[in-house]
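# quick one, what's the 3D model for this:
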Amino acid sequence: MQRYSEIKQKQKREIVLLKGAPCAWGRCTFCDYIDDNESDAAQCNEINNQVLSLVTGKYRALEVINSGSVFELPKETLETIKEIAQKKGIETLFFECHWSYRHRLQEIRDFFQLPIIFKCGIETFDDDFRNHVLKKGIVFSSPEEVARYFSSICLMVGIQGQSREMISRDMDILLKTFPYGCVNIYNNNSTPIRRDEELVRWFEQEYRFLQDSPTIDVLFENTDFGVGGDLLD
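Okay, the predicted model is just below:
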């Protein structure tokens, strides 16, 4: 699997896909990404060390993703990330984290002593769809509550059962409330959740302007960041 890449558009950064322990939530109905996990910390560290050795620091920014949250990476891997950040002059780190860890984010900030952009997969601000269809296990009072913890959110577009109105509201909240964001166009996978082709076509036309936003990534494929696909020669 391709586990290292560079994001050369918008917020330029290196990105690594690491292995961690199984996702603590692990119940999202649309996600088979959690298959890329490993309970053996030693095996995780071995793979992660190989991937992290490719980091150059050329953009002074590094995004670290795994099949869950940053808290599910082994301690040794976190220490390796810190060492590499210091050696390579990394000035900004990006980590992803489930909502359930929101009260522990300061632990990561204290450990790395660097500016960190935390990303959270909210998927949609429609509470019923988020929790009863997608099974995200994320309950909050308002978008502003989410923004108190996370400066970047991930939203999902193009799932059967979503509506244009739902998606428009999500995009409006993203643009008004969060400094950063990532919009993932849903692609069918091994789960029963299915893609709505008509909704995707509508979104691509209606929100084409997002592709020019310097702070919002739009991913049409799961591998658009360059990681997660087959290893390149």
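
# show me what residue 92 bridges to in the sheet.
Note on residue 92: beta-bridge partners residue 61, judged by DSSP bridges.

# how many residues are close by it?
Residues within reach of residue 92, counting by other CB atoms under 10 Å, total 16. Every C-beta, even on glycine, is put in place using the N, C-alpha and C of the backbone.

# do residue 72 as well
20.

# on the pLDDT front, check it for me.
pLDDT recorded at residue 72 is 97.

# surely it is in contact with residue 66?
Yes. Taking contacts as CB atoms under 8 Å, residue 72 lies within contact range of residue 66: 6.5 Å.

# what's the overlap in contacts for those two?
In terms of CB atoms under 8 Å, 6 or more residues apart in numbering, residue 72 and residue 66 are both contacted by the residues 20, 37.

# got phi/psi on the spatially most central residue of the chain?
Closest residue to the average C-alpha location of the chain: residue 96 at 5.1 Å, with CA atoms, centre = their mean. With angles defined as degrees, to the nearest 10, residue 96 sits at phi -110, psi 150.

# quick one: the closest residue to it other than its chain neighbours and residue 65, what's the gap?
Using CB to CB, 6 or more residues apart in numbering and skipping the chain neighbours, the partner closest in space to residue 96 is residue 119 (4.6 Å). Counting by CB to CB, to the nearest Å, the gap from residue 119 to residue 65 is 8 Å.

# list residues touching both of the two?
By CB under 8 Å, 6+ apart, the residues touching both residue 119 and residue 65 are residue 96.

# rewinding a little: just grab the bridge partners of the residue nearest to residue 96 for me.
Beta-bridge partners, per DSSP bridges, of residue 119: residue 96, residue 152.
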